[in-house]
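J.: Kindly generate the corresponding structure for this input.
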Amino acid sequence: MIWVETLVNGILYGGLYGLLGVGLALIVGVMRVVNLSHGEFIVLSAFIGVSLVGAVPWVHPLVLIVPVAVIAFALGFGLQAVLINRVVTRPDPFAAILLTFGVAVVMRNLMVEVFGADPRNLPAGRLAQASAGVFGLHVGVLPIIILALSIVLFTGLQLILTRTRFGRIVRATADHRDVVRLMGVNPGRVYNVVMGLSLALASVAGMLLAMRSSFTPYSGVERLLISFEVVVLGGLGTFWGAMLGGITLGVAELVGLRFDTNAGPLYAHLLFLIGVLLRPNGLFRVRG
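T.: Numbering: from 1, shown residues only. Here you go, the predicted model:
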């Protein structure tokens with residue numbers, strides 16, 4: 001039963017990992033850009049959540065996810081409109097990557113200046129300790145809520161991209177940026193909204209992860225690493241692949257901790273390395 005509990009908890013934890021990476025997968029799939037400031041925005045969202053909890057302590061952090069996501073959407077929209085759109089169309093593929101790296105460095109130092117370097121976390125109250133019995137297993141209520149919310153957000157994103165007019169525009173822009181201009185579509189405006197959605201999803205993941213572990217302004221690198229591994233394992237630009245990649249990493253990490261309590265995420269990183277060697281296009285990407 002211990003191994004069954006480990007597997008279940010790994011799946012629940014992996015749902016959060018998948019949510020960390022889906023925003024990055026969206027950017028990679030639409031703009032072919034790796035946003036190296038993705039981890040810093042995840043951490044910034046957690047700091048914004050901590051500030052809101054301090055301002056309205058009677059409101060549960062789960063409720064504050066909504067205003068934090070709105071703020072993150074606005075930041076992503078502005079970042080894309082003011083900075084990234086200036087370089088995303090250049091033939092040099094490293095221009096946007098270097099720009100987002102610079103943004104990440106500036107954001108990290110600004111967060112140290114404003115919030116300090118002490119570890120923080122979002123208190124989830126009684127929900128953090130609550131557990132439910134499922135088929136004889138004791139599973140935390142908060143991880144179940146996190147996995148359910150992740151599935152809802154993944155499903156919502158999939159429906160937006162496949163069932164709405166905006167989704168068709170996004171997919172057309174990703175495939176033929178120059179052609180959609182002939183149809184009256186401004187790719188820059190599409191990119192603005194896509195980056196806003198990406199960081200809104202990242203903010204949700206940042207808030208949820210802050211309820212489960214502490215963070216500092218320097219935690220962005222770790223968050224980015226997990227997000228990148230999720231995207232690569234799942235297959236670049238595939239959203240449900242990102243979810244499966246996150247679950248795979250979550251299970252590998254918790255199983256590894258059973259073997260070696262000092263390993264941390266080592267076994268998850270080893271799995272990523274093996275996955276890249278065996279399936280460079282992603283473990284769950286369908287070849288076509």
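
J.: buried stuff in the strand or helix carrying residue 81?
T.: Following DSSP states H and E, one finds residue 81 within helix 61-82. Residues of helix 61-82 classed as buried: 61-62, 64-65, 68-69, 71-73, 75-77, 79-81 (neighbour count, 16 or more other CB atoms under 10 Å). Heads up, the C-betas are built off the backbone N, CA and C, glycines and all.

J.: Next: stretch 182-194.
T.: Applying 16+ other CB under 10 Å to stretch 182-194 flags 185, 187-188, 190-194 as buried.

J.: Next, format those as TSV and append pLDDT and distance to residue 27.
T.: TSV is the format used below for those (pLDDT from 0 to 100; distance: CB to CB, whole Å):
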residue	pLDDT	distance to residue 27
185	91	18
187	92	14
188	92	14
190	95	12
191	95	9
192	96	12
193	96	12
194	95	7
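
J.: Include distance to residue 232 when you put the residues you listed into JSON lines, please.
T.: Putting the buried residues of stretch 182-194 into JSON lines (distance: CB to CB, whole Å) gives the following:
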{"residue": "185", "distance to residue 232": "30"}
{"residue": "187", "distance to residue 232": "25"}
{"residue": "188", "distance to residue 232": "27"}
{"residue": "190", "distance to residue 232": "25"}
{"residue": "191", "distance to residue 232": "22"}
{"residue": "192", "distance to residue 232": "26"}
{"residue": "193", "distance to residue 232": "25"}
{"residue": "194", "distance to residue 232": "20"}
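
J.: what ranges do the strands span in this structure?
T.: 131-134, 137-140 (DSSP state E).

J.: To residue 210, which of those lies closest?
T.: strand 137-140 (15.8 Å; CB to CB).

J.: Parallel or antiparallel, list what pairs with the closest one.
T.: strand 131-134 (antiparallel) (DSSP bridges).

J.: And the partner strand, how far out from the chain middle?
T.: What separates the centre of strand 131-134 from the centre of its chain is 27 Å, taken as CA atoms, centre = their mean, to the nearest Å.

J.: Let's see it as PDB, backbone CA atoms only.
T.: Extracted as PDB, the C-alpha positions of strand 131-134 are listed here (Å, rounded to 0.1, in the frame of the first residue of the first chain):
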ATOM      1  CA  SER A 131      -7.100  14.200   4.000                       C
ATOM      2  CA  ALA A 132      -9.700  11.900   2.400                       C
ATOM      3  CA  GLY A 133      -9.900   8.100   2.400                       C
ATOM      4  CA  VAL A 134     -10.000   6.700  -1.100                       C
END
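
J.: got the buried residues for the longest helix belonging to the chain?
T.: Longest helix in the chain, counting residues (DSSP state H): helix 2-31. For helix 2-31, the buried set under the neighbour-count rule, 16+ other CB under 10 Å, comprises 6, 8-31.

J.: For residue 251, which non-adjacent residue is closest in space?
T.: Among residues not flanking residue 251 along the chain, residue 10 sits closest, at 3.3 Å (CB to CB, 6 or more residues apart in numbering).

J.: so the one you found makes contact with residue 256?
T.: No. Look at residue 10 against residue 256 with CB atoms under 8 Å: they stay out of range, at 9.8 Å.

J.: Many thanks, have a good one.
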